[in-house]
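K.L.:
requesting a structural model of the entry that follows:
(3 chains)
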Amino acid sequence: MPELPEVETVRRTLKNFIINRPLLDIDIYYDRIIQGDPVTFQKALQGETIIDIDRVGKYLIFLCQHHAFISHLRMEGKFHIVSSDEPISKHTHVVFHMDHHEDLRYLDTRKFGRMELIDPLHYKELPPLNKLGPEPFEITTEALYQRLHHCSLPLKTALLDQSIMCGIGNIYANEICFYMRIDPRTRASRLSQKRVDELRRVSIDVLNRAIEQGGTTIHSFDANGIHGLFQVELNVHGQKECPICHQPIKKVMVQNRGTYFCPHCQKKRY
DNA sequence: GCCGTCACCTGTGGGC
DNA sequence: TGCCCACAGGTGACGG
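P.N.:
Reported below is the predicted structural model:
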């Protein structure tokens, strides 16, 4: 599942392949991927050249000369760069035809991903990006403490709330709680300022290590597209046994999200 | 305003 | 072996 580190890996990798290349034509095979009118999307981007790729939280922003669009990969979205001769697969939903007989293709098994035209100059001040909180790298301990202090939700749920802090998804929320040795069901509002500072530092550390992992393992495109390999380092998410105490990992539902933790190592600590 | 639930989707895996 | 169903999960919409 693409979270901030994977999206950052995709951004860095794509930049090496598509910057300063023209979008000669766009084919849309599944309209619902496009927020708004697909024909407008097509016409706006046809003939444009991609000049940069930005990222805010889990959103990618493709900046062209006169237009821009955002892409959210949601659960299984991925980009491939392939020869234009390559047959269109069942899960290919948008194709950007570029020069040198190559395509940038968007694939998404579950069709959850979305793309949308946005204002290239003010996109950070407009929906959906203006609803996002700061990334863990940007927020201060004091600001995070204030946001969590007024939040009656379990910590795990608060970590998933993109308006509090953006970029963390279900897998990293589980891992961050594990590194904190804290029960994910602990009320976020009960954390002391010291613990919130630890939370911020752990979040940054986990995300940075995952970005490094993705960055060092991705050298080129393969048949699976562009994706990070951070999941090899998971301690609790989807695991059976705690790597510290070797007790069984427990799975519970927190606000309808699969939540993995070690009941022996992770307690309600404030 | 806050919080909980559901829909959007399809592949996978478990149970029968 | 084949069928059915629950589950996975990010986000937005909707209702209480």
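K.L.:
what are the boundaries of the helices in chain A?
P.N.:
Counting by DSSP state H, the segments of chain A that form helices are A:4-18, A:38-45, A:141-149, A:155-160, A:170-179, A:193-217.
K.L.:
what's the spacing between the shortest one and its chain's center?
P.N.:
Remark: helix A:155-160 is offset 15 Å from the chain centroid, using Cα atoms, centre = their mean, to the nearest Å.
K.L.:
with the last one instead?
P.N.:
Taking the mean of its C-alpha atoms, helix A:193-217 sits 14 Å from the chain's own mean (Cα atoms, centre = their mean).
K.L.:
for that helix, the averaged confidence score.
P.N.:
Mean pLDDT, computed over helix A:193-217, is 85.
K.L.:
mind listing what's buried in stretch A:179-192?
P.N.:
Buried residues in stretch A:179-192, counting neighbours by 16 or more other Cβ atoms under 10 Å, are found at A:179, A:180, A:182, A:183, A:184, A:185, A:186, A:187, A:188, A:189, A:191. Where C-beta positions appear, they are placed from N, C-alpha and C, glycine not excepted.
K.L.:
out of the residues you listed, which comes closest to residue A:32?
P.N.:
residue A:184 (32.9 Å; Cβ to Cβ).
K.L.:
I'd like the distance between the closest one and DNA strand C.
P.N.:
12 Å (Cβ to the nearest atom of the strand, to the nearest Å).
K.L.:
so what's that residue up against?
P.N.:
Contact analysis of residue A:184 by Cβ atoms under 8 Å, 6 or more residues apart in numbering lists A:154, A:155, A:156, A:173, A:174, A:177, A:254, A:259, A:261, A:266.
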